[in-house]
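Trainee: Got a predicted structure here, sequence first:
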Amino acid sequence: MYGYVVPVKAELGQADFCLYRAFYCGICKSTGKMFGQWPRFTTNYDMVFLSVLLHDYSKQQVTFSNERCVCNPKKKTIVCRNELFDKIVATNILLSYNKAQDDVNDGGGIKKRAVRKMLKKHYRKAAELFPEADKIITEQYGKLLELEKQNTKGIDRVADCFAVMMEKLGLLLTGSSDAQLGKLLYNVGKFVYVADAIDDIDEDFKKKRYNPVLIEYSGYKNRKQFIDAHRRELTFLLASTVNRAIECFNKMTFTGASDLMRNIVHKGLRSKCEELLGSEKKLPPPKI
């Protein structure tokens, strides 16, 4: 969906890389089995992180299987479906549809409308399968839309909608009330929203779309000039969110996937900050 919560591939051990790919391929294959082939394109790295995190946190037993992929005829090791996995896949469809709806609201063209139309019937099925998640996502996207319509100033206030959504979804998916897990997901969600806003500044400025970063800081001419002029503020905004996520992570106990998640939280988020503030154009989709 976004692709900002990813590991530093060069520092992944072989076992962790295989585990990460198994979760990615598992989401893709499970999406195909539950919703059909076209929705498989919604598979994304942010949801892989969420799936790995929640499976490890809840001590959910996972099994693996070798299956062929239509995109690659070689055998792929995947994580097999379980109840939590199915709920995460349904949640991803709900999030993807609402993201598509948000893109259309922002003036997205025919491609964005086509994506929304293609996902609509799958969204309905996902909402029937997991109505509690649909309620959370609909409510928080609704609040976000209202703030955008009002040209709200205050990045923290606007980002809170997406952050709260991720917090509530994680607690719902695990059936937990663990404040530490909630805070971790809140800060990861906030990071994703802020990162996306920074990444989109040039496109949003040209198309005169709402962007909380552009509302907060004036004097936009081009991406490089803008980031250089506000580097201190943007660095603090991203770094403080990442540091809070790391602090929460360090207070939690994980087992089988601890090294993989440590790579993502400790190194991946910081690496993405450097990419965002060092690039003169929108970041390309990541490849792991």
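Mentor: That came through fine.

Trainee: Helix or strand: which one has residue 66?
Mentor: For residue 66, the host element (DSSP states H and E) is strand 64-69.

Trainee: relative orientation of the helix or strand following that strand and strand 64-69 in degrees?
Mentor: Sequence order places strand 72-79 as the next helix or strand after strand 64-69, per DSSP H and E. For strand 72-79 against strand 64-69, the angle by axes from the mean of the first three to the mean of the last three C-alpha atoms, to 10 degrees is 150 degrees.

Trainee: before we move on, back to that, what's next to the strand holding residue 66, contact-wise?
Mentor: Residues external to strand 64-69 that are found in contact with it (C-beta atoms under 8 Å, 6 or more residues apart in numbering): 22, 25, 28-29, 74-80. No exception for glycine: its C-beta is placed from N, CA and C like everyone else's.

Trainee: what do you get for stretch 162-171?
Mentor: 50, 53-54, 91, 133, 136-137, 140-141, 144, 176-178, 181-190, 192-193.

Trainee: Same check on stretch 230-247?
Mentor: 155, 183-184, 187-188, 190-191, 194-195, 198, 213, 217, 227, 265-266, 269-270, 273, 276-277.

Trainee: Surely residue 96 and residue 43 touch.
Mentor: No - counting by C-beta atoms under 8 Å, residue 96 stays clear of residue 43, with 9.5 Å between them.

Trainee: Between these two, point out the one with more neighbours.
Mentor: Higher neighbour count among residue 96 and residue 43: residue 96, with 24 against 21, using other C-beta atoms under 10 Å.

Trainee: Could you measure from that one over to residue 118?
Mentor: Taking C-beta to C-beta, to the nearest Å as the measure, residue 96 falls 10 Å from residue 118.

Trainee: Touching both of the two, which residues are there?
Mentor: Joint contacts of residue 96 and residue 118 (C-beta under 8 Å, 6+ apart) are residue 39.

Trainee: Does residue 252 lie in a helix or a strand, and which?
Mentor: Here residue 252 is assigned to no helix or strand, by DSSP H and E.

Trainee: Do you know the pLDDT at the closest residue to residue 258 other than its chain neighbours?
Mentor: With C-beta to C-beta, 6 or more residues apart in numbering as the criterion, residue 258 has its nearest non-adjacent residue at 7.3 Å, and that residue is residue 56. With respect to pLDDT, residue 56 scores 95.

Trainee: element containing residue 56?
Mentor: Per DSSP H and E, residue 56 falls inside helix 45-57.

Trainee: would you list every one of the helices in the protein?
Mentor: In the chain, the segments counted as helices under DSSP state H are 14-35, 45-57, 83-105, 110-129, 131-149, 155-174, 179-199, 201-206, 212-216, 223-229, 231-250, 258-262, 269-278.
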